[in-house]
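**Q** Just a sequence and a predicted model for now, questions to come.
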Amino acid sequence: MPHPTLAVVIPVKAFSAAKLRLAPALDATTRARLAQRLAGVVVAAAGGLPVLVVCDDDEVATWAAAKGATVVWASGRGLDGAVADGVAHAHAAGAARAIVAHADLPLARDLTWLPSLHPDVVLVPDRHQDGTNVIVVPTAAGFAFAYGPGSFGRHRREADRLGLGSHVLDDPALAWDVDVAADLDHVDVASLLERPPAPCR
């Protein structure tokens with residue numbers, strides 16, 4: 001059974017506003033549907049852990065509540081502020097550590113074991129070793145999140161600044177996120193779109 005002092009924090013942008021960089025490949029309705037299904041994959045990967053969905057959109061809030069997640073409303077906070085709010089909410093609810101996962105990880109299957117890799121911070125970079133797809137942090141540490149290009153390096157430095165030990169996990173499944181049209185060629189993403197994957201080249 002997952003440890004009761006763990007929680008999963010997932011920031012979720014409005015489905016209608018998500019994945020705009022996929023516009024050359026997908027229409028708005030398909031992008032919104034994909035964003036919702038990707039978020040559903042990540043929620044499912046939380047297993048039996050409490051899930052906190054951080055959002056500022058009514059549709060997302062309704063969807064999250066139907067999934068059994070706690071909704072943390074964070075309007076106008078940006079990604080860094082939204083994640084900080086989610087972690088603070090997890091701390092107030094009794095979680096000693098939070099697993100923060102992006103909502104666009106189509107290959108995520110199980111997040112529950114990640115905290116066992118290190119007692120402080122666990123970092124899972126994207127496949128370019130640039131972004132931070134998943135990070136485990138102590139909820140009381142005052143960790144300053146700094147997402148965007150180069151966030152993996154910034155988050156490693158933040159752990160050092162706080163005197164926290166860290167472990168980097170290079171996981172091919174969790175490293176795969178969906179940002180640009182080429183990312184849609186993966187068979188698991190194609191299945192979420194209900195279309196055949198691109199032929200091997």
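**A** Received the coordinates, thanks.
**Q** where are the low-confidence patches of the protein?
**A** Filtered on pLDDT under 70, the chain yields the residue ranges 1-4, 187, 190, 193-201.
**Q** now the strands: where do they sit in it?
**A** Using DSSP state E, the strands of the chain run over 6-11, 51-55, 70-73, 97-101, 121-125, 132-138, 166-168.
**Q** partners of the fifth one in the sheet?
**A** Yep, that's strand 121-125 we're talking about. Sheet pairing of strand 121-125 (DSSP bridges) gives strand 132-138 (antiparallel), strand 166-168 (parallel).
**Q** do the third one as well
**A** Strand 70-73 sits in its sheet next to strand 51-55 (parallel), going by DSSP bridges.
**Q** For this structure, which segments count as helices?
**A** 28-45, 58-66, 78-92, 151-161, 187-193 (DSSP state H).
**Q** I'd like those helices laid out as JSON lines, including distance to Val134.
**A** C-betas here are computed from N, CA, C, even on glycine. Shown next, in JSON lines, are those (distance: least, C-beta to C-beta, whole Å):
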{"stretch": "helix 28-45", "distance to Val134": "9"}
{"stretch": "helix 58-66", "distance to Val134": "19"}
{"stretch": "helix 78-92", "distance to Val134": "12"}
{"stretch": "helix 151-161", "distance to Val134": "11"}
{"stretch": "helix 187-193", "distance to Val134": "17"}
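**Q** For Pro106, find the nearest of the ones you listed.
**A** Of all the helices of the chain, helix 187-193 sits nearest to Pro106, with 4.8 Å by C-beta to C-beta.
**Q** Tabulate the helices of the chain in a markdown table, adding columns for distance to Asp130 and mean neighbour count.
**A** Below are the helices of the chain laid out as a markdown table (distance: least, C-beta to C-beta, whole Å; neighbours: other C-beta atoms under 10 Å):
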| stretch | distance to Asp130 | mean neighbour count |
| --- | --- | --- |
| helix 28-45 | 19 | 19 |
| helix 58-66 | 26 | 15 |
| helix 78-92 | 15 | 20 |
| helix 151-161 | 6 | 17 |
| helix 187-193 | 20 | 16 |
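**Q** Please name the nearest non-neighbouring residue to Pro138.
**A** In this structure, Pro138 finds its nearest non-sequential neighbour in Arg97, 5.5 Å apart by C-beta to C-beta, 6 or more residues apart in numbering.
**Q** so what's the one you found up against?
**A** Counting by C-beta atoms under 8 Å, 6 or more residues apart in numbering, Arg97 touches 5-7, 115, 136-139.
**Q** Which single one of the residues you listed is nearest to Gly165?
**A** Nearest to Gly165 among the contacts of Arg97, with distances taken as C-beta to C-beta, is Pro138, at 10.7 Å.
**Q** Could you check how far Asn133 is from Val168?
**A** Computed with C-beta to C-beta, to the nearest Å, the distance linking Asn133 and Val168 is 12 Å.
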